[in-house]
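K.L.:
Need the 3D shape of this:
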Amino acid sequence: MAAKSKTETKPAVDTVSYDYELLIIGSGPGGHRAAIQGSKLGKRVALAEKNVLMGGVCVHTGTIPSKTLREAALHLTGYRERAIYGASYTVKDDITMSDLMQRTHYVINHEQDVLCHQLQRNGVDVLAGGAAFIDAHTVKVGGDDGGNSRIITAEKIVIATGTATAKDSKIKFDGEYIFTSDELLDVTKIPSSITVIGAGVIGLEYATIYAAIGTRVTLVDARPRLLDFIDSEVIDTLVYQMRQNRMTIRLGESVAAVETFKDGDHERVRVLLESGKEFATEKALVSVGRMGATEGLRLEAAGITADDRGRLKVNENFQTEVDHIYAVGDVIGFPSLASTSREQGRLAVCHAFDYQTDSMPSLFPYGIYTIPEISVCGKTEEELTEAGVPYEIGKATYREISRGHIIGDEDGFLKLLFHMQTRELLGVHIIGEGASELVHIGQAVMGTGGKIDHFIKTVFNYPTLAECYKVAAHNGINRLAQLPPSADVDRESLPVS
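P.N.:
Predicted structure coming up:
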């Protein structure tokens, strides 16, 4: 996100001469939020969407389906209750893909209806069809499939087209035995074994979902460590849990070939690694990254250039090389989260129309819906060590908390990182049930520059997982109290713990 804006050379045109003051391309989280924000500012807004359904990848093949699939799997398998009722406990025997998809389709349809209703009641004109630039203020919408097209002019434009799955040329995709995450929802049968190639967030989420259902999972990734932006202790715990679920993890391994072969009357998948290892599996899910969905936009006509992965460069205000054209969401790359995409859409439109606003970009939370769930906000131990920041930790395990026993999660934990001298909260790292909800308490305290002392003084409902904050705070303060008198710590101001 480091491109500098160039001065627009096109002569200024009176706003009234444009069809719209704001045109959004793409209806995913970033585009949808940008359209609503433009409407709230009293602008004439249109949104162009090439697909029949609104919501983009987030609603139809990404965030919403995967998280709903996860929830359905956890419920039907009885996974959450196994610590209490035993490993053989299940809500339903012989779980089918249809069982899982029933809940998924319900949620997708509901989200689709909500999105359409919000655009409708805010007066946003929805234009059906793919968009392609004619010049920096003019876009053709539709017509690629032989249907009618429209020429639209707009004062400001926001590109929010998201991403598409990247495909390795060494892999022979067929959509049935070898497929990407975008095609996973079309798989009709739960496989007895699956190899997940690529251990990014998407690959890990689906790998752990399949493992919870009972599928034998092999995870392959060329990197030596999983999710290097997540605290290493959290990742170590995740890896332990995955192996407890019979998952085979092959890190530091590159894939040489993936292809189907006949095994009697059945089709199977052969995976060959560059190290010479090979194995067979019933299915293969390939999750090796995503490409910016900018093909077909004719960016060059607007004076914009995408990188070799189809992503767009923007400055701190989400402007591309052309001042009045913005880009938000996954199409600009990291962090590629639905939550951050929404905020980027809001901020871009506010900047476009000179509306003063602010945000907390350094304090956005990550929610990773593996099993177990992970959520973090703020700095990691590795980042603080590299920066030379003197910090201490406070930790609480779910097994210490009554709620942890009630829900059957005794392996989760919450870790707080705080400055040794000022006791300012610097990071929150959680793995376990409810992590993505729990993290927002720490995020709120960090957003106000709060100290770990805040949790000592706070009364939490009992029994709740939120009590982890108080237990972790006591743990951290007690660590400070054990330091020698020569340590640079204000002992007199330490809260009683």
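K.L.:
Please count neighbours and contacts with C-alpha atoms only from this point.
P.N.:
Will do.
K.L.:
residues contacting residue 129?
P.N.:
48-51, 141-144, 149 (CA atoms under 8 Å, 6 or more residues apart in numbering).
K.L.:
Out of these, the closest to residue 318 would be?
P.N.:
Closest approach between the contacts of residue 129 and residue 318, by CA to CA: residue 48, at 19.2 Å.
K.L.:
I'd say the closest one and residue 26 touch.
P.N.:
Yes - the criterion here is CA atoms under 8 Å, and residue 48 meets it with residue 26 at 6.0 Å.
K.L.:
residue contacts, residue 413?
P.N.:
395-398, 430-432, 468.
K.L.:
Mind doing that once more with 6 Å?
P.N.:
Residue 413 is in contact with 396-398, 430-431, counting by CA atoms under 6 Å, 6 or more residues apart in numbering.
K.L.:
What of residue 273?
P.N.:
254-256.
K.L.:
So which of these are in strands?
P.N.:
255-256 (DSSP state E).
K.L.:
In a markdown table, list the contacts of residue 273 along with distance to residue 272.
P.N.:
Shown next, in a markdown table, are the contacts of residue 273 (distance: CA to CA, whole Å):
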| residue | distance to residue 272 |
| --- | --- |
| 254 | 9 |
| 255 | 6 |
| 256 | 5 |
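K.L.:
What about the contacts of residue 273, which one has the most neighbours?
P.N.:
Ranked by neighbour count (other CA atoms under 10 Å), the contacts of residue 273 have residue 255 at the top, with 21 neighbours.
K.L.:
how near is it to residue 169?
P.N.:
Distance, residue 255 to residue 169, by CA to CA, to the nearest Å: 11 Å.
K.L.:
just residue 120 next, same as before
P.N.:
Taking CA to CA as the measure, residue 120 and residue 169 are separated by 42 Å.
K.L.:
between those two, who's got more neighbours?
P.N.:
Per other CA under 10 Å, whichever of residue 120 and residue 169 has more neighbours is residue 120, with 13 against 8.
K.L.:
quick one: the more buried one is in a strand?
P.N.:
No - Residue 120: not assigned to a strand; according to DSSP: H, G, I helix; E, B strand; the rest coil it is helix.
K.L.:
Now do the same for it: its pLDDT.
P.N.:
Looking at residue 120, its pLDDT reads 95.
K.L.:
again with residue 61
P.N.:
At residue 61, pLDDT is 69.
K.L.:
Residue 241 too?
P.N.:
Reading off the model, residue 241 has pLDDT 95.
K.L.:
what are the ranges of the helices in this protein?
P.N.:
Along the chain, counting by DSSP state H, helices occupy 29-40, 56-60, 63-77, 82-85, 97-121, 201-213, 232-244, 338-352, 381-386, 402-407, 435-447, 453-457, 467-481.
K.L.:
what about the stretch 1-150 of the chain, any weak spots by pLDDT?
P.N.:
1-16, 59-61, 145-146 (pLDDT under 70).
K.L.:
The same query, at a cut-off of 90, please.
P.N.:
Residue ranges of the stretch 1-150 of the chain with pLDDT under 90: 1-16, 51-66, 69, 78-113, 143-148.
K.L.:
In terms of secondary structure, what does the longest strand along the chain contact?
P.N.:
Counting by DSSP E, the longest strand found in the chain is strand 149-159. Applying 3 or more CA pairs under 6 Å, 6 or more residues apart in numbering; DSSP states H and E, one finds that strand 149-159 makes contact with strand 20-25, strand 138-142, strand 325-327.
K.L.:
As CSV, these with distance to residue 82 and mean neighbour count would be great.
P.N.:
Shown next, in CSV, are these (distance: least, CA to CA, whole Å; neighbours: other CA atoms under 10 Å):
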stretch, distance to residue 82, mean neighbour count
strand 20-25, 46, 27
strand 138-142, 52, 22
strand 325-327, 45, 28
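K.L.:
just so I know, which of the ones you listed lies nearest residue 161?
P.N.:
Among the helices and strands packed on strand 149-159, strand 20-25 comes nearest to residue 161, with 6.2 Å by CA to CA.
K.L.:
Each with direction, which strands does the closest one pair with?
P.N.:
Sheet partners assigned to strand 20-25 using DSSP bridges are listed as strand 45-49 (parallel), strand 149-159 (parallel).
K.L.:
Could you check how far the last one is from the centre of its chain?
P.N.:
By that I understand strand 149-159. 29 Å (CA atoms, centre = their mean, to the nearest Å).
K.L.:
And the first one, by the same measure?
P.N.:
Relative to its parent chain, strand 45-49 has a centroid offset of 24 Å by CA atoms, centre = their mean.
K.L.:
again, but for stretch 477-491
P.N.:
39 Å.
K.L.:
Ok, stretch 345-358 next?
P.N.:
23 Å.
K.L.:
can you offset everything so residue one is 44?
P.N.:
Understood, numbering begins at 44; the last thing we discussed is stretch 388-401.
K.L.:
What residues sit buried inside it?
P.N.:
For stretch 388-401, burial by neighbour count (16 or more other CA atoms under 10 Å) applies to 388-393, 395.
K.L.:
what's the answer for stretch 329-342, then?
P.N.:
Within stretch 329-342, the residues scored as buried using 16+ other CA under 10 Å are 329-337, 340-342.
K.L.:
okay, those residues in a markdown table with distance to residue 523 and pLDDT next?
P.N.:
Below are those laid out as a markdown table (distance: CA to CA, whole Å; pLDDT from 0 to 100):
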| residue | distance to residue 523 | pLDDT |
| --- | --- | --- |
| 329 | 47 | 95 |
| 330 | 44 | 92 |
| 331 | 44 | 89 |
| 332 | 43 | 85 |
| 333 | 45 | 91 |
| 334 | 47 | 93 |
| 335 | 47 | 95 |
| 336 | 50 | 94 |
| 337 | 52 | 96 |
| 340 | 57 | 97 |
| 341 | 59 | 97 |
| 342 | 56 | 98 |
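K.L.:
wait, which of the residues you listed is closest to residue 173?
P.N.:
Nearest to residue 173 among the buried residues of stretch 329-342, with distances taken as CA to CA, is residue 340, at 8.0 Å.
K.L.:
Tell me if I'm right that residue 451 and residue 126 touch.
P.N.:
Yes - between residue 451 and residue 126 there is a contact under CA atoms under 6 Å: 5.4 Å.
K.L.:
Please say which of the two ends up with more neighbours.
P.N.:
Neighbours per residue (other CA under 10 Å) separate residue 451 from residue 126, with residue 451 holding more: 19 against 15.
K.L.:
Leaving out sequence neighbours, find the closest residue to residue 376.
P.N.:
Counting by CA to CA, 6 or more residues apart in numbering, residue 354 is the residue found nearest to residue 376 once chain neighbours are left out, at 6.4 Å.
K.L.:
Drop anything exposed from the contacts of residue 172.
P.N.:
Applying 16+ other CA under 10 Å to the contacts of residue 172 flags 91-93, 184-185, 192 as buried.
K.L.:
And the furthest pair within those?
P.N.:
92 and 192 (12.8 Å).
K.L.:
Kindly reformat the helices and strands packed on strand 192-202 as JSON lines containing distance to residue 140.
P.N.:
Below are those laid out as JSON lines (distance: least, CA to CA, whole Å):
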{"stretch": "strand 63-68", "distance to residue 140": "34"}
{"stretch": "strand 181-185", "distance to residue 140": "35"}
{"stretch": "strand 368-370", "distance to residue 140": "37"}
